[in-house]
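Engineer: Turn this into a model:
(one chain, ligands or ions: 1)
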Amino acid sequence: MKKLIIANQKTYLNKTSVKEFINNFKYAQDIIICPSFPFISEYSNYLLGAQDISEEETNTQTGEITGTQLKSLNCRYVIVGHSERRAKQGESDELIKKKLINAQNSDLVPILCVGENKEEYEAKITDEVLGKQLSAALDNIEGELIIAYEPIWAIGTGLIPSNKEIYYVVQKIKAKYPQYKVLYGGSVNVNNINELIQIENVDGYLIGGASSDAEELNLIVKSCQ
Ligand code: PGA
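Structural biologist: Modelled structure (predicted):
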């Protein structure tokens, strides 16, 4: 089955490098791209996602982006609960749930990120940590969404779990939430993609750093087709 690729370009690119990326990337129709907010409109012929959404739809939220605004920019997806926002912006499970609900009410598909940190991984409590994050976000939720399993210790570090470990975690998630696609994210790159695509139960990848380099992303997408 073809793997779903979601590019989370975070804050890697600027006005000039966004143009370079668009000129050099060959698979605009084959991925979902989540650019930095200021550059969303540049990606006009892509399937678009946003990196975040406000938790409510009011006109008085300085610096926030609402679901209505994202829809008006033709966004279809939005990342919620990314570990960088959980850690650096202090986003709580409660806030993440509000964002997820706001996304769905705005007719956007949430991409819910969950993952354990290094200590939790070493203490072998990944199942419990993910179980809590998932039920905090998903209890009483219906409708379309995507889950991204992203071990925090694998994000931007070059470290990744073994294929067996990823398979096991994804299997656990799917046992409880069989209705959702489950992606893997964390240091996916051109050197490990051919190994990662061997994991049968993974529906695709959420790619950070490597997704801001058009040449590298070209090779990754090619491997996944
Ligand atoms: P990375 O980031 O690919 O740079 O590790 C993944 C993510 O944060 O979604």
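
Engineer: Could you check how far Ser211 is from Ile31?
Structural biologist: As judged by CB to CB, to the nearest Å, Ser211 and Ile31 stand 8 Å apart. C-beta here means a position set from N, CA and C on the backbone, and glycine is covered the same way.

Engineer: before we move on, what about Asn201?
Structural biologist: On the measure of CB to CB, Asn201 and Ile31 end up 21 Å apart.

Engineer: Based on its surroundings, how many neighbours for Glu215?
Structural biologist: Residues near Glu215, counting by other CB atoms under 10 Å, number 12.

Engineer: and it, that one's in a strand?
Structural biologist: No: secondary structure of Glu215 (DSSP: H, G, I helix; E, B strand; the rest coil): helix, not part of a strand.

Engineer: List the contacts of the residue lying closest to it once chain neighbours are set aside.
Structural biologist: Leaving aside its chain neighbours, Glu215 sits nearest to Asn24 (6.5 Å; criterion: CB to CB, 6 or more residues apart in numbering). Residues in contact with Asn24 (CB atoms under 8 Å, 6 or more residues apart in numbering) are Ala214, Glu215, Asn218.

Engineer: Tyr121 too?
Structural biologist: Pro151, Trp153, Pro161.

Engineer: if we go to 7 Å?
Structural biologist: Pro151, Trp153 (CB atoms under 7 Å, 6 or more residues apart in numbering).

Engineer: sec struct for it, please.
Structural biologist: With three-state DSSP as the criterion, Tyr121 reads helix.

Engineer: And the pLDDT for it?
Structural biologist: Here the pLDDT value assigned to Tyr121 is 98.

Engineer: what does Asp139 give?
Structural biologist: On the pLDDT scale, Asp139 gets 96.
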